[in-house]
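Chemist: Got a sequence here, can you build the structure:
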Amino acid sequence: MKIIKNFALALCLALLEINTAQAVVPAGTQLSASVTLQGGSSSALKWAAPLTAPYKVHVFVPSTGNKTNALYRVYPKGKALNSTTCVSTDLTYPCYEVIVDQTQHKNAWTQLTLNGDVTTQWNFVKAKGYVTAVASNLSTTQMLNLSALVRFEKVVTTPPLTIGQTYQGGFIFYLDSTGQHGLISASENISLPGYLQQFDWHVKDVTAVGTSTAIGTGQTNTTKIVNAQGAGVYAAKICDDLVLNGYSDWYLPSKAELIGIKQNFNYNTNSIIDEMRYSISPFTEYGYWTSTYDANNYTPANSVLFSILFGQEYLDFANELYYVRPIRNFKVAK
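Modeler: Take a look at the predicted model:
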């Protein structure tokens with residue numbers, strides 16, 4: 001019992017010397033520790049996980065910490081009764097050992113990581129999972145000075161985005177390879193007082209404005225068209241002026257972007273079920289304007305027909321009236 005008493009005394013002295021004002025406190029729930037026996041005569045400090053959830057674990061090293069091999073063990077699912085081993089490959093009760101060099105983290109917080117990976121997170125089970133610091137790796141003549149301060153930082157996981165998901169003012173119809181950036185379509189056609197949801201592509205004759213057809217070019221196309229034509233009520237301008245569901249960065253889609261909506265939502269099938277599946281306003285079988293300028297044909301714009309029966313694409317005169325479905329870019333904030 002002499003070792004335990006000496007350990008408790010050293011712990012109290014270490015706690016008195018902690019100056020948390022000098023340390024950057026990480027996010028998470030701070031818990032108190034309890035002094036307990038583990039593995040026979042081994043002295044230990046133990047911290048239980050607050051909830052069943054993934055956490056990053058941070059420990060506070062006191063200014064008196066002088067061991068280069070302070071040993072912590074993480075038991076995400078708890079420990080088998082009377083077990084004295086720590087095996088990371090144990091499927092039922094995995095145990096992970098983390099060595100902290102206290103001399104490098106005096107009077108500061110440090111994260112318990114696997115191989116120095118700061119993304120390390122532990123999937124704890126409430127009432128079972130815990131973290132412990134042990135002195136069993138030291139000789140009986142050595143004392144391990146520990147702080148009772150440990151913080152469990154809950155890792156917030158964000159569900160992956162999916163095609164068809166309602167998001168940021170509309171629904172997602174395109175995602176890039178990262179899954180964090182893509183394109184959103186408004187859920188309805190643009191409608192203005194005095195118009196029957198159909199608009200011209202231009203209000204005056206213009207020369208080629210150097211637009212593109214590819215995905216990701218609709219915003220640039222729209223800006224070029226508006227700069228060339230100025231004020232008025234026409235497809236690109238009403239998208240550029242639109243404020244919808246709290247967003248003001250809508251634009252007229254390029255040809256590939258508009259076709260992308262049709263391809264992702266199967267508008268070239270014979271079933272209207274594909275449209276209703278995402279609770280969006282069904283596309284008409286009439287034409288929709290794109291922001292792609294076709295200088296080699298008799299009209300300065302491409303129009304894509306959202307036909308459930310035929311799925312045709314065609315060109316038409318810029319002073320014809322067609323529907324407009326605006327889109328916008330999005331990127332998930334980090």
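Chemist: Select the helix or strand of the chain having the lowest average pLDDT value.
Modeler: For the chain, counting by mean pLDDT, DSSP states H and E, strand 34-37 ranks last in confidence among helices and strands (a mean of 36).
Chemist: After it, which helix or strand is next?
Modeler: Downstream of strand 34-37, the next assigned helix or strand under DSSP states H and E is strand 43-48.
Chemist: That following strand - contacts with which helices or strands?
Modeler: helix 2-16, strand 34-37, strand 130-134 (3 or more C-beta pairs under 8 Å, 6 or more residues apart in numbering; DSSP states H and E). C-betas here are computed from N, CA, C, even on glycine.
Chemist: Scan the protein for its longest strand.
Modeler: As assigned by DSSP state E, the longest strand anywhere in the chain is strand 53-61.
Chemist: neighbouring strands for it, and are they parallel or not?
Modeler: Here strand 53-61 is paired, per DSSP bridges, with strand 108-111 (antiparallel), strand 122-124 (antiparallel), strand 150-154 (antiparallel).
Chemist: Can I get those strands in CSV including distance to Asn245?
Modeler: Formatted as CSV, the strands paired with strand 53-61 follow (distance: least, C-beta to C-beta, whole Å):
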stretch, distance to Asn245
strand 108-111, 40
strand 122-124, 36
strand 150-154, 31
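Chemist: Now do the helices in the stretch 151-300 of the chain.
Modeler: 218-229, 235-241, 255-264, 273-276 (DSSP state H, counting those that start in this stretch).
Chemist: looking at the sheet around Ile172, what are its partners?
Modeler: Applying DSSP bridges, one finds that Ile172 bridges with Ile184.
Chemist: Could you tell me which residues make contact with Ala27?
Modeler: 151, 153 (C-beta atoms under 8 Å, 6 or more residues apart in numbering).
Chemist: did I read that right, it in a strand?
Modeler: No - under DSSP: H, G, I helix; E, B strand; the rest coil, Ala27 sits outside any strand and is assigned coil.
Chemist: Give me the distance from stretch 130-147 to the chain's centre.
Modeler: With C-alpha atoms, centre = their mean, to the nearest Å as the basis, stretch 130-147 stands 38 Å off its chain's centre.
Chemist: and if you look at stretch 154-165?
Modeler: How far stretch 154-165 lies from its chain's middle: 6 Å, per C-alpha atoms, centre = their mean.
Chemist: Restrict that stretch to CA atoms and write it as PDB.
Modeler: Extracted in PDB, the C-alpha atoms of stretch 154-165 (Å, rounded to 0.1, in the frame of the first residue of the first chain):
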ATOM      1  CA  LYS A 154     -16.800  13.900 -29.700                       C
ATOM      2  CA  VAL A 155     -16.200  13.400 -33.400                       C
ATOM      3  CA  VAL A 156     -19.100  14.700 -35.500                       C
ATOM      4  CA  THR A 157     -19.700  12.600 -38.500                       C
ATOM      5  CA  THR A 158     -21.600  14.000 -41.500                       C
ATOM      6  CA  PRO A 159     -23.700  11.700 -43.600                       C
ATOM      7  CA  PRO A 160     -22.500  11.500 -47.200                       C
ATOM      8  CA  LEU A 161     -24.300  13.600 -49.800                       C
ATOM      9  CA  THR A 162     -26.300  11.800 -52.400                       C
ATOM     10  CA  ILE A 163     -27.900  12.500 -55.800                       C
ATOM     11  CA  GLY A 164     -31.500  13.600 -55.300                       C
ATOM     12  CA  GLN A 165     -30.900  14.900 -51.800                       C
END
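Chemist: now what about it, what contacts it?
Modeler: Against stretch 154-165 from outside (C-beta under 8 Å, 6+ apart): 28-29, 50-51, 53-56, 121, 167, 171-175, 179-180, 182, 264-265, 277-278, 332.
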